[in-house]
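**Q** no FASTA, just this:
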């Protein structure tokens, strides 16, 4: 999807994800002068000003005149924040929330009736431009508004629109997913060391192997199961490893973990 820009953007929250979204907007071609960040910490504010050349102010000032408002605060702070700034948000503005577990109904109830709302679940690889953004539209959000947000965020990774009923599953797969990959990397490194490698060599081998495998999967015209079969020669080393994984129930354990994450996401969102 082609990137796009909008008139003025407010980012409410200047933490790690807030800065990640800021760099994504800049990568999409957004003028730093058109972006305002709301951040309470003086030290953090100075870092954002110096590093990115954006204005940093309070939340009400930030949203005034903004065409797009990105909400990147802790989930428990979202309702109070939006209630506080609701009257300052333009009726034509789009509000996109990146707060995990905060449902569209909760967002809309904190804003003026008719405000366009989008719920987005990002993940941490957005920091390096390889993020996954799963978005769901609120009742007043138009296709054009969703397309604008998609165009901006696509500069930081892949953007996918899903029904809100799938947000818990999406959170379990892609929101939490990087941790599963890091967990696998930990195990591969530990296994390499136990097999005789030094820790740094094991880390390099593991990192490049995961990176290469992910790229191959992304660019291949066959699914993961077929790619696995292609590198699993009968009675070979890979077959021995897969047999050991199956013996210990690795695949069903991962699937069970994803279902557990989805259930927890639903619990946190009050579904």
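**A** That came through, no problem. Keep in mind the model is a prediction, meaning the values are calculated, not measured. Residues are numbered from 1 along each chain as shown.

**Q** so residue 95: helix, strand or coil?
**A** Under DSSP: H, G, I helix; E, B strand; the rest coil, residue 95 falls in the strand class.

**Q** mind listing what it touches?
**A** By CB atoms under 8 Å, 6 or more residues apart in numbering, the residues touching residue 95 are 69, 71, 82, 89, 107, 111, 115-118. C-betas here are computed from N, CA, C, even on glycine.

**Q** which of these tops the neighbour count?
**A** In terms of neighbours by other CB atoms under 10 Å, those top out with residue 71 at 30 neighbours.

**Q** neighbours of residue 61, how many?
**A** 15.

**Q** could you check how far it is from residue 68?
**A** Per CB to CB, to the nearest Å, residue 61 is found 16 Å from residue 68.

**Q** surely residue 227 is within a strand?
**A** No. Using three-state DSSP, the secondary structure at residue 227 is helix, not a strand.

**Q** quick check, it in contact with residue 216.
**A** Yes. Counting by CB atoms under 8 Å, residue 227 does reach residue 216; the two are 6.6 Å apart.

**Q** quick check: the gap between the most centrally placed residue in the chain and residue 72.
**A** Centroid-nearest residue in the chain, with CA atoms, centre = their mean: residue 122, separated by 1.4 Å. To residue 72, residue 122 is 9 Å away according to CB to CB.

**Q** same deal with residue 217?
**A** With CB to CB as the criterion, residue 217 and residue 72 are 30 Å apart.

**Q** so between those two, which is more surrounded?
**A** When residue 217 and residue 72 are compared for neighbours, residue 72 comes out ahead with 25 against 13, by other CB under 10 Å.

**Q** chain neighbours aside, what residue packs nearest to the more buried one?
**A** Leaving aside its sequence neighbours, residue 72 sits nearest to residue 13 (CB to CB, 6 or more residues apart in numbering; 3.6 Å).

**Q** go ahead and confirm the one you found touches residue 38.
**A** Yes. Assessed by CB under 8 Å, residue 13 is found in contact with residue 38 at 6.9 Å.

**Q** what is the strand or helix carrying residue 178 packed up against?
**A** In this structure, residue 178 sits in helix 177-194 according to DSSP states H and E. Packing partners of helix 177-194 (3 or more CB pairs under 8 Å, 6 or more residues apart in numbering; DSSP states H and E): helix 199-219.

**Q** what does the helix it packs on contact?
**A** Residues from elsewhere that reach helix 199-219 (CB under 8 Å, 6+ apart): 181, 184-185, 188-190, 192-193, 197, 224, 227.

**Q** mind listing what residue 9 touches?
**A** Taking CB under 8 Å, 6+ apart, we find residue 9 in contact with 25, 30, 34-36, 66-70.

**Q** now those residues in JSON lines, with pLDDT?
**A** JSON lines is the format used below for the contacts of residue 9 (pLDDT from 0 to 100):
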{"residue": "25", "pLDDT": "95"}
{"residue": "30", "pLDDT": "95"}
{"residue": "34", "pLDDT": "96"}
{"residue": "35", "pLDDT": "97"}
{"residue": "36", "pLDDT": "98"}
{"residue": "66", "pLDDT": "97"}
{"residue": "67", "pLDDT": "97"}
{"residue": "68", "pLDDT": "98"}
{"residue": "69", "pLDDT": "98"}
{"residue": "70", "pLDDT": "98"}
